[in-house]
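Trainee: Here is the input, now give the coordinates:
(4 chains)
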4 protein chains.
Amino acid sequence: MNFASDNTGPVHPKVLAALSKANEGYALPYGADDLTAEVTQNIRDTFEAPDAAVYLVSLGTAANSLILATLSDPWSAIFCQRIAHIQEDECNAPEFYSGGAKLILVDGQDAKIDPKNLTAAIEAEEIRGVHGPQRGPISITQATEKGTVYSLDEIRAISAVAKSYNLPVHMDGARFSNAVSHLGCSAADMTWKAGIDAVTFGGTKNGLMAVEAVIFFDPKHAWEFELRRKRGAHLFSKHRFLAAQMQAYLEGDLWLEMAAMANTATARLARGLKQIEGVTLDFEPDANIIFPRWSRAKHQALHAAGAKYYVWQGDHTQGDPQEVLPARLVTDWSSTDESIDRFLDCLSNG
Amino acid sequence: MNFASDNTGPVHPKVLAALSKANEGYALPYGADDLTAEVTQNIRDTFEAPDAAVYLVSLGTAANSLILATLSDPWSAIFCQRIAHIQEDECNAPEFYSGGAKLILVDGQDAKIDPKNLTAAIEAEEIRGVHGPQRGPISITQATEKGTVYSLDEIRAISAVAKSYNLPVHMDGARFSNAVSHLGCSAADMTWKAGIDAVTFGGTKNGLMAVEAVIFFDPKHAWEFELRRKRGAHLFSKHRFLAAQMQAYLEGDLWLEMAAMANTATARLARGLKQIEGVTLDFEPDANIIFPRWSRAKHQALHAAGAKYYVWQGDHTQGDPQEVLPARLVTDWSSTDESIDRFLDCLSNG
Amino acid sequence: MNFASDNTGPVHPKVLAALSKANEGYALPYGADDLTAEVTQNIRDTFEAPDAAVYLVSLGTAANSLILATLSDPWSAIFCQRIAHIQEDECNAPEFYSGGAKLILVDGQDAKIDPKNLTAAIEAEEIRGVHGPQRGPISITQATEKGTVYSLDEIRAISAVAKSYNLPVHMDGARFSNAVSHLGCSAADMTWKAGIDAVTFGGTKNGLMAVEAVIFFDPKHAWEFELRRKRGAHLFSKHRFLAAQMQAYLEGDLWLEMAAMANTATARLARGLKQIEGVTLDFEPDANIIFPRWSRAKHQALHAAGAKYYVWQGDHTQGDPQEVLPARLVTDWSSTDESIDRFLDCLSNG
Amino acid sequence: MNFASDNTGPVHPKVLAALSKANEGYALPYGADDLTAEVTQNIRDTFEAPDAAVYLVSLGTAANSLILATLSDPWSAIFCQRIAHIQEDECNAPEFYSGGAKLILVDGQDAKIDPKNLTAAIEAEEIRGVHGPQRGPISITQATEKGTVYSLDEIRAISAVAKSYNLPVHMDGARFSNAVSHLGCSAADMTWKAGIDAVTFGGTKNGLMAVEAVIFFDPKHAWEFELRRKRGAHLFSKHRFLAAQMQAYLEGDLWLEMAAMANTATARLARGLKQIEGVTLDFEPDANIIFPRWSRAKHQALHAAGAKYYVWQGDHTQGDPQEVLPARLVTDWSSTDESIDRFLDCLSNG
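Mentor: Have a look, this model is predicted:
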């Protein structure tokens, strides 16, 4: 019953197997090895983007920050949702990597940017000449931090706003796979075909050890990104081990397979939760995260039973037993029906 | 009829006289001259702060950014009002000088920070360990960008919140003098006695050429500030000319005299405006700025008559003549009753 | 015959086994897992430093830059050898992470800092008040970039200079193990017992996939380092996989075993090279790197025979066949006697 | 007898007069005033550069750092003379403004960059792909920090090297006027006609209060510079007072007149010094600085007589009276024959 995060479970056995296989013999360092070349091409194929500039780094924060730094200037405004990971959970990494750009927070339902609010936010910048920050990239998270997923139309609406101001759009795809799985579209559909300029194609939260791909659909950013990656200390010498993980990820669409397993697990959770009296959901889950609420008493019972998850607000250990507190539950490829059902059972009877 | 800003008028003749006087003979550079020592002591006396670390720089943005950088870390959150000058009008200078700190915007009436909102904003940070930014300084603007003035109680309420989290408070006093003049209190009352830790004591918007004093009431920040000032290229070699301006400013309380003149001029404007039909004020003016509204037709008539001021939103040159558009009017020591009355007359009959 | 670098060979099988083992079940992220706690303690034990603050990152450049940023201010001078990796091969990462500190280059024989030159370099700073950079940390590389190793006395001599100015000393130990193996001392002997304040304890160049430990012997730096690591995007979510590698590394002193194998291989190379007419060595190799010289004709013959290594200067593919060009050869735990002997044979007869 | 620096003397009376005159009436802020437009054009005329992007800032360090940041990337190498002001006396301001660029020090006689050494330094960078810094701008100081002046041929030789690598050249002209006066050439001859891309045209050390012009001969840098200037807090609101100083400076070639006075004063000093036994000069003075040497006893006598200047190395107050210590003497437009002769007399007879 571990629903703490999609970074607490094991990596897929195929990933370990790929690492072992990649360990044979000698390989050129810093991404000059054959496996990296092959995987780069695989990613381009997966995204139907033959000219894309493609890179591997090990952390999502690195991918996001390096992309945003490449797409912005130190005097830029970067537009993102109020609760975006880049705003809340990266300890000012985007500001650090960009040399001091300013994040402008945009509201919207379901943890998504509302295009009207985005327009208003953009309109509010660059109206004071050199005195204010200059308009910069828009960053959206797909799937969002709340487990919702932008529809293709919703992405296109945001891109349309961005394009009308000639601004680039970045997609933080830490849970990219979960979103594609939910939408049933292609990677291309959800990115460049919908107006996305650069994407963090996440692997770590979906069964890999620590790999995220960075994709710029316009390769003009390539060299600057490479220098930023090196300067940020994110260029791996034994690069084949990043490539091996990504190779396993793409091979036979393991990425989609794992995402489907994670999404299905959350859907099972959601179905069960809705049938339990006193439980409500903050958002309708599209992907592999869910934010339900129940009483402190039930939180205590679940923890006593060994369930692992975050109580998202408040202290479940003390206070009124009937007070309702929100939880965050996250599933991944390794979540089992058995653990879900046990959790639901515990909640029903707790 | 020039009400464009308090940086468009002439400097006070006493300032020019002081510059001439300071120009006699040789003086040690970089603030080691006698005049700087004397003025530093004058500022300490004015603020009743014998131990304060006191510096002169030439721009308010420099003073604010250098102070905030000194009081924060690159991973800090800096709390300020949503429309603070440091947020809107400094082109990411605070982010630059701090090495990437994040400004957290706090709402409140009358362009002031509401202490309850401040508490909520502080509570929302430092709850995610290393993942989010760490709580840093609070910055308030006195008088505010909208021409309102925090009462001493209001300042104390903000400081009390800050102190309860052990966070320092900075006052952006670009219009410090106007606020003191309005409150009829002392410089000490409005700063360290009310819990302020560091202040930008502005001169440029109040009749000086280009001088702002930086005051840290706790001198432990002195050496770091001096290094930051030098590294930011804000340490003047011919420092006596900054000191001379500030000397003239303090001599015989010229700073208060000029502020009173500016405030009185805005008060006269406000009184007149309230008597004109169809004119409304966005804020009750405490200092030397006022945000009134009237029709596009009247804007056009005023501009045709040679009035200089900013139409704060929208284009006054074309559109429905009856549409109401906001203006910003600013006065300074040089504003004359005659120009105000002519402006009001033009507005009444335009 | 691959002597291109110690980052081109395979990782040790025990490392892969450790990764597989660590993959069982669920683990708290971001270093809160049990394995990380255990490994942290192992490192403290290995260094006989029970209070040390210990962290794992994946790249040496990250470890070096984050340590130096923690030990310095943006206005600091960082003293290092003229050919230090942090100066030549990190694309300004130390400047980036430190917020703009300045590297001051110090000369010395055998790629080492000469204590007299270090004294002179330190004396040349902080003599201009705020105008020049302020004295900051000293960084030495052990083993050096040229394959030489500081004796314990040499380290102590540098630390003594540093201590006399109250400056901290950092050791870039990308090849720490090779140096310990050469000196036959303990990890403690070569670090805190010799006056080192912080060390990058490298694993990547010595048989790991991508792990370096960061060790501060004074734990006062802990929290700042943790914030810097997160902000730099170097805090791994699935941290157990960094820990697993380091666990395998320390278990049964695998790190020393692999280092001894690498050093022995270079020693075998050196012995052979000295017996070949026309071959000279730039430095007497103490560790696992060697810089020999021979003719372009021989370079061509070796490359034709499939040998992999860097011609360190000049173009071996064209020019006078008798011109002598330097090479860099690096060995690691996987280097075989057979490959070395074949290389030497090829060189003798090429 | 004040030869401490060219920032210790008074500003020229015409400068004060210009400030008074500029103080009449209202003027648009931030450089949008008529006087700034006029002065901008005057500078373009003076430099025979009708398309140049021209800006005013108040400090030389600001001008240098902002120009170099505009001409470089954070991962650049900036090439300068070993004793350049940007290296020694700006507390890492170039590193700060550039976001962490690295200064590469180049040697040469007479405080000048030797073109051969420059070529070697450039050749040593950008040979390690992304691993090392990328080649960036060259910065030369004219007149140099040691009072020598590059000939036009020497400047051209450096520019030719730079151009062959497609790198821009910056001239730190804190003492630009002194150099032009010495060479008897035009401002254009010494800059764009000799291959200079951007120049700090200093005023502060030559009789102004605090103004330096920034000139980019290629206006493509304009907007980026304007944003950097604002973000660095170097955009003056009451900009007319910078413009007024520069106007007075150019009017009737006051800048050349003052420079000639300063140079003539140093020449008089030099002539006198050469006739005094036991006095030697480190450099043949071309401009307004001179580095002579004499005994501690004479230093003591001069100081006792009230002479003000820097003993450049060592402590003149104690030690062997016969030990020879270097001095630095600087003259400006206000230096009088009488003070020079008195100084020489004191030295001869001291």
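
Trainee: going forward, measure contacts and count neighbours with C-alpha atoms only.
Mentor: Fine.

Trainee: what sits against the residue minimising distance to the centre of chain A?
Mentor: Central residue of chain A (CA atoms, centre = their mean): residue A:174, 1.9 Å from the mean position. Residues counted as contacts of residue A:174 (CA atoms under 8 Å, 6 or more residues apart in numbering or on different chains) are A:60, A:141, A:142, A:143, A:200, A:201, A:202, A:203, A:204, A:205, A:212.

Trainee: Tell me the residues of the stretch 201-350 of chain A that contact chain C?
Mentor: A:204, A:209-210, A:227, A:230-234, A:236-238, A:241 (CA under 8 Å from any CA of the partner chain).

Trainee: Take those residues and, keeping just the buried ones, write it as a ChimeraX select command.
Mentor: Under the burial definition 16 or more other CA atoms under 10 Å in any protein chain shown, those of these that qualify are selected in ChimeraX by:
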select /A:204,209,210,227,230,231,232,233,234,236,237,238,241
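
Trainee: what ranges do the helices span in the stretch 1-150 of chain A?
Mentor: Ranges of helices in the stretch 1-150 of chain A, per DSSP state H, counting those that start in this stretch, are A:13-22, A:34-46, A:60-71, A:85-88, A:93-98, A:115-123.

Trainee: mind putting the ones you listed in JSON lines, mean pLDDT, mean neighbour count and distance to chain C included?
Mentor: What follows is those, written out as JSON lines (pLDDT from 0 to 100; neighbours: other CA atoms under 10 Å in any protein chain shown; distance: least, CA to the nearest CA, whole Å):
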{"stretch": "helix A:13-22", "mean pLDDT": "98", "mean neighbour count": "18", "distance to chain C": "7"}
{"stretch": "helix A:34-46", "mean pLDDT": "98", "mean neighbour count": "19", "distance to chain C": "12"}
{"stretch": "helix A:60-71", "mean pLDDT": "98", "mean neighbour count": "27", "distance to chain C": "5"}
{"stretch": "helix A:85-88", "mean pLDDT": "98", "mean neighbour count": "21", "distance to chain C": "11"}
{"stretch": "helix A:93-98", "mean pLDDT": "98", "mean neighbour count": "29", "distance to chain C": "5"}
{"stretch": "helix A:115-123", "mean pLDDT": "98", "mean neighbour count": "17", "distance to chain C": "26"}
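
Trainee: So which of those helices is nearest chain D?
Mentor: Among the helices of the stretch 1-150 of chain A, the nearest to chain D by CA to the nearest CA is helix A:93-98 (9.6 Å).

Trainee: Contact partners for the nearest residue to residue A:37 once chain neighbours are set aside?
Mentor: Counting by CA to CA, 6 or more residues apart in numbering or on different chains, residue A:37 lies nearest to residue A:31, which is 7.7 Å off, once chain neighbours are set aside. When contacts are counted by CA under 8 Å, 6+ apart, residue A:31 touches A:37, A:236, A:237, A:238, A:239, A:240.

Trainee: Inside helices: which ones of those?
Mentor: Within those, residues falling in helices by DSSP state H are A:37, A:240.

Trainee: Nearest to residue B:3, out of the contacts of residue A:31: which one, please.
Mentor: Set against residue B:3, the nearest of those by CA to CA is residue A:236 (59.0 Å).

Trainee: ok, the closest one touching residue A:30?
Mentor: Yes. With contact defined as CA atoms under 8 Å, residue A:236 reaches residue A:30; the gap is 5.7 Å.

Trainee: Break chain A into its domains for me.
Mentor: Per the record, chain A has its domains at A:13-254, A:258-349, by automatic domain parsing.

Trainee: Pick the most buried one from those.
Mentor: Stretch with highest mean neighbour count among the domains of chain A: domain A:13-254 (a mean of 22; mean count of other CA atoms under 10 Å in any protein chain shown).

Trainee: mind checking how far the closest residue to residue A:346 other than its chain neighbours is from residue A:281?
Mentor: Leaving aside its chain neighbours, residue A:346 sits nearest to residue A:302 (6.3 Å; criterion: CA to CA, 6+ apart). The spacing between residue A:302 and residue A:281, counted by CA to CA, to the nearest Å, is 17 Å.

Trainee: does stretch A:58-70 come close to chain B?
Mentor: No. Residues of stretch A:58-70 contacting chain B under CA under 8 Å from any CA: none, with a closest distance of 10.4 Å.

Trainee: Can you confirm whether that stretch lies near chain D?
Mentor: No. Figure legend: stretch A:58-70 not in contact with chain D (CA under 8 Å from any CA); closest approach 11.8 Å.

Trainee: Ramachandran angles for the nearest residue to residue A:192 once chain neighbours are set aside?
Mentor: Once flanking residues are discounted, residue A:192 sits nearest to residue A:217: 6.9 Å by CA to CA, 6+ apart. Backbone geometry at residue A:217, expressed as degrees, to the nearest 10, gives phi -70, psi -20.

Trainee: Next, the contact list for residue A:217, please.
Mentor: By CA under 8 Å, 6+ apart, the residues touching residue A:217 are A:49, A:51, A:52, A:53, A:192, A:197, A:198.

Trainee: Run through the bridge partners of the fourth one.
Mentor: By that I understand residue A:53. As for beta bridges, residue A:53 partners with residue A:216 under DSSP bridges.

Trainee: Looking at the residue nearest to residue A:37 now. What's its pLDDT?
Mentor: Looking at residue A:31, its pLDDT stands at 97.

Trainee: could you measure it against chain C, distance?
Mentor: Applying CA to the nearest CA, to the nearest Å, the value for residue A:31 to chain C is 11 Å.

Trainee: Check residue A:180 too.
Mentor: As defined by CA to the nearest CA, residue A:180 lies at a distance of 23 Å from chain C.
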